[in-house]
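Asker: Predicted structure and sequence below. I'll ask about it afterward.
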Amino acid sequence: MSFTLNHPLVVFVLSLIGMWIAERVGAWWARRGSANKGEAADTFNVVQGATLTLLGLIIGFSFSMAISRYDQRKNYEEAEANAIGTEYVRLDLLPPEDATKLRPLLVSYLEQRITFYETTDRSQLPAIATRKNALQASLWAGMAAPAGQQPTPITALVVAGMNDVLNSEGYTQAAWWNRIPVAAWLLMMVVALGSNLLVGMGSFKAGSQRGLLLVLPLVVAVSFMLIADIDSPRGGLIRIVPQNLHALLASLQHA
């Protein structure tokens, strides 16, 4: 399931095929049933309309969830850039030899964070995490030495800034793991299949053209693909561009 949700095009193809089959099954079912137009037809129209309304509400709610998570990832990228940039400036408050040692490490850490945002190959993530963890350990070890030698309020300010840098990475990772729950996807798919089943039954009773049966599956499949694209940090076309981190790296390299 996770592989499917990380590839929006797969979501589109599978949902389109599944909903089209559901409509054909609905039409076949209606063809075998009775064709009376009395109260049963009125009840059918009410159920069909209510199901389609529910499907629209669930799609809108899921789209809102995906947008909020995308905005959260975007905000944390900006927060990371601010934390790293602030700490780079605060290193001036340390003894020159300590600042000279920590600045290249902080720039290398910044480059690793940019790589984390831009990579689309999930197989590279363990190696990126290993390099990131090593740089974090080196930064904290390099900060612990001057902090232990000079436990002053100024040194504490620099240590707090480094702590913000490390914490911001954790907040970012948590935001990237915060996806639309699988249960919500399953609910959407069940309601979508039921809606298309009812549309297929109604289209046979109304004598609609077969080409019209593709409209609802296509529209809903595109909606599912868009939601999956926004919700997937790496698998879709809509991804977080680390423009703030890039701008910070450019300013530090030309400083």
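Answerer: That came through fine. Residues are numbered from 1 along each chain as shown.
Asker: can you count the residues close to residue 185?
Answerer: Neighbour count for residue 185, taken as other C-beta atoms under 10 Å: 20. In this view, the C-beta of every residue, glycine as well, is placed from N, C-alpha and C.
Asker: Now it: which helix or strand?
Answerer: Using DSSP states H and E, residue 185 sits within helix 182-206.
Asker: Now do that helix: everything it contacts.
Answerer: Residues from elsewhere that reach helix 182-206 (C-beta atoms under 8 Å, 6 or more residues apart in numbering): 1, 5, 15, 18-20, 22-31, 35, 41, 44-45, 47-48, 51-52, 54-55, 58-59, 62, 65, 208, 212-213, 216-217, 220, 224.
Asker: ok, and for stretch 224-235, which residues are buried?
Answerer: Applying a neighbour-count criterion of 16 or more other C-beta atoms under 10 Å, one finds 224-233, 235 buried in stretch 224-235.
Asker: got the CA coordinates for that stretch in PDB?
Answerer: Extracted in PDB, the C-alpha atoms of stretch 224-235 (Å, rounded to 0.1, in the frame of the first residue of the first chain):
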ATOM      1  CA  PHE A 224      -7.000  10.800  -6.100                       C
ATOM      2  CA  MET A 225      -3.800  11.300  -8.100                       C
ATOM      3  CA  LEU A 226      -3.600  15.000  -7.100                       C
ATOM      4  CA  ILE A 227      -4.200  14.100  -3.500                       C
ATOM      5  CA  ALA A 228      -1.500  11.400  -3.600                       C
ATOM      6  CA  ASP A 229       0.900  13.800  -5.400                       C
ATOM      7  CA  ILE A 230       0.600  16.500  -2.800                       C
ATOM      8  CA  ASP A 231       0.700  14.000   0.000                       C
ATOM      9  CA  SER A 232       3.800  12.200  -1.200                       C
ATOM     10  CA  PRO A 233       7.000  14.200  -0.400                       C
ATOM     11  CA  ARG A 234       9.200  12.500  -3.000                       C
ATOM     12  CA  GLY A 235       7.000  10.500  -5.400                       C
END
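Asker: Check the offset of the helix or strand hosting residue 161 from the chain's centre.
Answerer: Assessed by DSSP H and E, residue 161 sits inside helix 153-177. Relative to its chain's centre, helix 153-177 lies at 22 Å (C-alpha atoms, centre = their mean, to the nearest Å).
Asker: what helix or strand does residue 24 sit in?
Answerer: helix 8-32.
Asker: helices or strands next to the very next helix or strand once past that helix in the packing?
Answerer: Per DSSP H and E, the first helix or strand lying C-terminal to helix 8-32 is helix 39-90. Packing partners of helix 39-90 (3 or more C-beta pairs under 8 Å, 6 or more residues apart in numbering; DSSP states H and E): helix 96-118, helix 153-177, helix 182-206, helix 215-231, helix 243-253.
Asker: Pull the residues that contact the second one.
Answerer: Contact partners of helix 153-177, identified using C-beta under 8 Å, 6+ apart, comprise 69, 72-73, 76-77, 79-80, 83-84, 86-87, 90-91, 93-94, 106, 109, 113, 132, 136, 139-140, 143, 146-147, 233.
Asker: how about the nearest residue to residue 95, chain neighbours excluded?
Answerer: residue 146 (6.1 Å; C-beta to C-beta, 6 or more residues apart in numbering).
Asker: got the angle between the helix or strand containing the one you found and helix 39-90?
Answerer: Residue 146 belongs to helix 125-149 when assigned by DSSP H and E. Orientation note: helix 125-149 sits at an angle of 40 degrees relative to helix 39-90 (axes from the mean of the first three to the mean of the last three C-alpha atoms, to 10 degrees).
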